[in-house]
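Novice: here's a sequence, model it:
(one chain, ligands or ions: 1)
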Amino acid sequence: MHLLISFFSFMALSIAFASESQVNRYSVKQVAEGIFYHQGNHEEANAENLGAIANVGFIIGEKCIAVIDSGGSFYEGELLRKSIRQHSDLPICYVINTHVHPDHVLGNAAFTIDKPEFVGHEKLPAAMASRQQHFARQFSEILGDAYKGTKFIEAGTLVQVDSPIKLELGNRPLVLTAYTTAHTDHDLTVYDVNSSTLWTGDLLFVERIPALDGSINGWIDALETLGERDVEMVVPGHGPAFDGKQSKGWQDLLHYLTTVRKEVRDIINDMGTIEEAIASVGTQEADKWKLFEEYHRRNVTAAYVELEWE
Ligand SMILES: [Zn+2]
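Specialist: The predicted model follows:
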């Protein structure tokens, strides 16, 4: 009985805290037949935006549905699940996490009711184990009520680097590929064979400045291969989905990363310090990216630390 009361008071609370506008504002766009995504805001996560700052979405097959990234809060996960139910009653058989960053995984627990298989890169469980305490502390505070219900759910189906796997949604195969260290050390892409749509996770940022949490060399290498792929549609980790024939999104990110790498290398070769690098590297990119102030210095710092040992 006690549990039952707690459950109902929790449900009442979750309905009470989300204003109607937050719920109405949550919309998904169709990018190809049966493929939908919600485009995250170019903001830092906060209670008002429910942490909905990354692209998340779903693919509907003939037998079941795959969720790709579950949202930046438990509550975003619930909104995404509601959107799915407006389009299909089929079971949700997979929740794919492209990597561990909170804006991509904090909605996982909203889908446990569907008993899906959670899928990720072979290194995702280690990344989640080492970061979850820190994420819990930080995001329970940042997100407030939207965080309530969050659980860190470890992926049970893992994708090895160099061994892509196929998931079947019913006449709808998805190919999942795991990468060596790039944006993080556990990036995963999802490719829908039927529509030739590539879901990149945070290997691609559009409009919003990238956050370097892996290897600048590895990321540049990954982009050079990925950007060459012949696909119909691309859904990046942040920013609008776009026609696969367009290359601007790939080129802008590649330009940013190669600029940072070149200028950091020049400073290191001249025996310059990390402070000098932070003060000068890539500042000409400021006008091109949303949230530049929030992330650029961190990117330069990470690049310097990596490149000084070359
Ligand atoms: Zn990320």
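
Novice: distance of the residue of the stretch 1-150 of the chain found nearest the ion from E276?
Specialist: Residue nearest to the ion within the stretch 1-150 of the chain (C-beta to the ion): H101, separated by 3.5 Å. Bear in mind the C-beta positions are built from the backbone N, C-alpha and C, glycine included. Counting by C-beta to C-beta, to the nearest Å, the separation of H101 from E276 is 29 Å.

Novice: which one's more surrounded, the two?
Specialist: The neighbour count for H101 versus E276, taken as other C-beta atoms under 10 Å, is higher for H101 (23 against 14).

Novice: once you drop chain neighbours, what's closest to that one?
Specialist: Nearest residue to H101, sequence neighbours excluded (C-beta to C-beta, 6 or more residues apart in numbering): D202, at 6.6 Å.

Novice: does the one you found really touch R208, like I thought?
Specialist: No. The pair D202 and R208 fails to qualify as a contact (C-beta atoms under 8 Å) at a distance of 10.0 Å.

Novice: list residues touching both of the two?
Specialist: H238 (C-beta atoms under 8 Å, 6 or more residues apart in numbering).

Novice: between those two, who's got more neighbours?
Specialist: For the pair D202 and R208, the greater number of neighbours falls to D202 (26 against 23), based on other C-beta under 10 Å.

Novice: how much space separates that one from D103?
Specialist: In this structure, D202 and D103 are separated by 9 Å, where distance is defined by C-beta to C-beta.

Novice: for G214, same thing?
Specialist: For G214, the distance to D103 equals 16 Å [C-beta to C-beta].

Novice: so which residues of the stretch 1-150 of the chain form strands?
Specialist: Secondary structure of the stretch 1-150 of the chain (DSSP state E, counting those that start in this stretch): strands at 29-32, 35-38, 56-60, 65-68, 92-96, 117-121.

Novice: biggest helix in this protein by residues?
Specialist: Under DSSP state H, the helix in the chain containing the largest number of residues is helix 248-269.

Novice: for that helix, list every residue counted as buried.
Specialist: With burial defined by 16 or more other C-beta atoms under 10 Å, the residues of helix 248-269 counted as buried are 249-250, 252-254, 256-257, 260-261, 263-265, 267-268.

Novice: what does it rub up against?
Specialist: Counting by C-beta under 8 Å, 6+ apart, residues outside helix 248-269 touching it are 204-206, 209-210, 212, 216-217, 219-220, 223-224, 226-227, 234, 236, 239, 242, 273, 276-277, 280-282, 284-285, 288-289, 299-300, 303-304, 307-308, 310.

Novice: now swap in stretch 129-141 and tell me
Specialist: Stretch 129-141 is contacted by residues 45, 51, 73, 100, 102, 106, 147, 150, 152, 154 when judged by C-beta under 8 Å, 6+ apart.

Novice: ok, is it in contact with the ion or not?
Specialist: No. Interface with the ion: stretch 129-141 contributes nothing (C-beta under 5 Å from the ion), its closest point being 11.8 Å away.

Novice: coming back round to it: could I get the contacts of stretch 129-141 in TSV, plus columns for pLDDT and distance to V67?
Specialist: Below are the contacts of stretch 129-141 laid out as TSV (pLDDT from 0 to 100; distance: C-beta to C-beta, whole Å):
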residue	pLDDT	distance to V67
A45	96	19
G51	96	16
S73	97	15
V100	98	16
P102	98	16
L106	98	13
Y147	96	19
T150	95	16
F152	96	16
E154	90	16
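
Novice: of all the residues in the stretch 151-300 of the chain, which one is nearest the ion?
Specialist: Nearest to the ion in the stretch 151-300 of the chain, going by C-beta to the ion, is D202, at a distance of 3.4 Å.

Novice: ok, that residue - contacts?
Specialist: With the criterion set at C-beta under 8 Å, 6+ apart, D202 makes contact with 54, 98-99, 101, 104, 183-184, 187, 210-211, 237-238.
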